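Undergrad: structural data only, the sequence is not supplied:
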């Protein structure tokens, strides 16, 4: 067996395989498919301050090697999450990371403060990167706003704080650095890329929201590059890699590039067992290179520049 425990700031995980918010429901839906206690942690779908009905349908469409979604953060709000979902989540046997999204800074702070008083959570992930809601990206595209938000949340919540960042910015390295300066224990890279699908015969976008967020294998090379850029620039800021991760090889590519954990997202839709299966595969893959601890490979990617052919 390979040792797989990892540390992300104040957050300790039994292994680096997490499931991404929005792709795993509120976790109970997946209990018959996945041995939840084996995972490094679970991240339920995003919770907002008030209940949201989400965007009109159609809200998803398959694309080449990917999935476009414009769900719009459909959920029953923070109060229902605390009273109905948290009691179950406390029983799943692994780290539970709540994911929250506010319409403004004050809502983020209020939700983080409320969850900070609840037992049984391991961390809070701030969704400052959703492209499918009004003002969903406003906070996440400005470095100073990100730093200020993270600092305010850290001041009222005792749990480790993770900032989930959007790739739809000019310089994600600067945004990640700002989150770290604000006190984030880690950053999640990356959320979906804004995209669209068109029905040319109807002369209309396929999604009712016109545009959506692209996830899946199509974004993996872009996400890998962003993880590597951030990890090289801020080696002490833990990074959680997201984007097209479906196999152990995918996960290990992100870990070698500098991520200390990964989130399995879109793969869960077509293979509900993907995250569970990946754990056994990682053991086997690391054994092939003689590694006995996953930390031996984290951040070991080296540039080809300057190397003689």
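TA: It's in. Source: prediction; values computed, not measured.

Undergrad: I figured residue 11 hits residue 124, correct?
TA: No. Using CB atoms under 8 Å as the test, residue 11 is too far from residue 124 to be in contact (10.1 Å). Just so you know, the C-beta spots here come from the backbone N, C-alpha and C atoms, and that holds for glycine as well.

Undergrad: now for the two: what residues contact both?
TA: Taking CB atoms under 8 Å, 6 or more residues apart in numbering as the contact rule, residue 11 and residue 124 both touch 160, 162.

Undergrad: assign a three-state SS to residue 163, would you?
TA: Of the three states, residue 163 takes strand under DSSP: H, G, I helix; E, B strand; the rest coil.

Undergrad: where does the stretch 201-309 of the chain dip in pLDDT?
TA: Applying pLDDT under 70 to the stretch 201-309 of the chain flags the ranges 307-309.

Undergrad: quick one, strands of it?
TA: 204-205, 212-215, 239-242, 261-264 (DSSP state E, counting those that start in this stretch).

Undergrad: summarise which helices and strands the first one is packed against.
TA: Contacts of strand 204-205 with other secondary structure elements, assessed using 3 or more CB pairs under 8 Å, 6 or more residues apart in numbering; DSSP states H and E, are made with strand 198-199.

Undergrad: residues making contact with the strand it packs on?
TA: If you take CB under 8 Å, 6+ apart as the criterion, strand 198-199 is touched by 204-206.

Undergrad: that one pairs with which strands?
TA: strand 204-205 (antiparallel) (DSSP bridges).

Undergrad: neighbouring contacts of the partner strand?
TA: Applying CB under 8 Å, 6+ apart, the external contacts of strand 204-205 come out as 196-199, 211.

Undergrad: so residue 177 is in which element?
TA: Assigned by DSSP states H and E, residue 177 falls within helix 172-182.

Undergrad: what lines up beside the helix or strand following that helix in the sheet?
TA: Helices and strands here follow DSSP H and E; after helix 172-182, the next one along the chain is strand 186-189. Strand pairing for strand 186-189, determined by DSSP bridges: strand 161-164 (parallel), strand 239-242 (parallel).

Undergrad: show me which residues of strand 186-189 are buried.
TA: Neighbour counts over strand 186-189 (16 or more other CB atoms under 10 Å) mark 186-189 as buried.

Undergrad: out of these, which one sits closest to residue 295?
TA: Taking CB to CB as the measure, residue 186 is the one of the buried residues of strand 186-189 closest to residue 295, at 15.2 Å.

Undergrad: from residue 89, how far out is the residue lying closest to residue 149 once chain neighbours are set aside?
TA: Using CB to CB, 6 or more residues apart in numbering and skipping residues adjacent in sequence, the residue nearest residue 149 is residue 105, 5.2 Å away. Plainly put, residue 105 is 26 Å away from residue 89 if you go by CB to CB, to the nearest Å.

Undergrad: higher neighbour count, those two?
TA: residue 89 (21 against 15; other CB atoms under 10 Å).

Undergrad: out of the contacts of strand 198-199, which are buried?
TA: Buried members of these, scored by 16+ other CB under 10 Å, are 205-206.

Undergrad: quick one on the thing from earlier: which one of the strands paired with strand 186-189 lies nearest to residue 34?
TA: strand 239-242 (17.8 Å).

Undergrad: my guess is residue 301 meets residue 228, correct?
TA: Yes. Residue 301 is within contact range of residue 228, at 6.4 Å (criterion: CB under 8 Å).

Undergrad: how about the residue nearest to residue 149, what does it touch?
TA: 139, 145, 148-149, 152.

Undergrad: now with 10 Å?
TA: Residues near residue 105 by CB atoms under 10 Å, 6 or more residues apart in numbering: 128, 139, 145, 148-149, 152-153.

Undergrad: wait, which of those is closest to residue 26?
TA: Checking the contacts of residue 105 one by one against residue 26 (CB to CB), the nearest turns out to be residue 128, at 21.1 Å.

Undergrad: excluding covalently adjacent residues, which one is nearest to that closest one?
TA: residue 140 is the one closest to residue 128 (CB to CB, 6+ apart), at 3.8 Å.

Undergrad: repeat that for residue 249.
TA: That would be residue 285: by CB to CB, 6+ apart, it lies 6.7 Å from residue 249.

Undergrad: show me the helices in the stretch 101-250 of the chain, by range?
TA: Here the stretch 101-250 of the chain has its helices, by DSSP state H, counting those that start in this stretch, at 105-116, 143-156, 172-182, 220-233, 248-256.

Undergrad: now those as a markdown table including distance to residue 41?
TA: Putting those into a markdown table (distance: least, CB to CB, whole Å) gives the following:
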| stretch | distance to residue 41 |
| --- | --- |
| helix 105-116 | 15 |
| helix 143-156 | 19 |
| helix 172-182 | 19 |
| helix 220-233 | 18 |
| helix 248-256 | 14 |
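
Undergrad: nearest to residue 44, out of these?
TA: Per CB to CB, nearest to residue 44 of the helices of the stretch 101-250 of the chain: helix 105-116, 11.6 Å.
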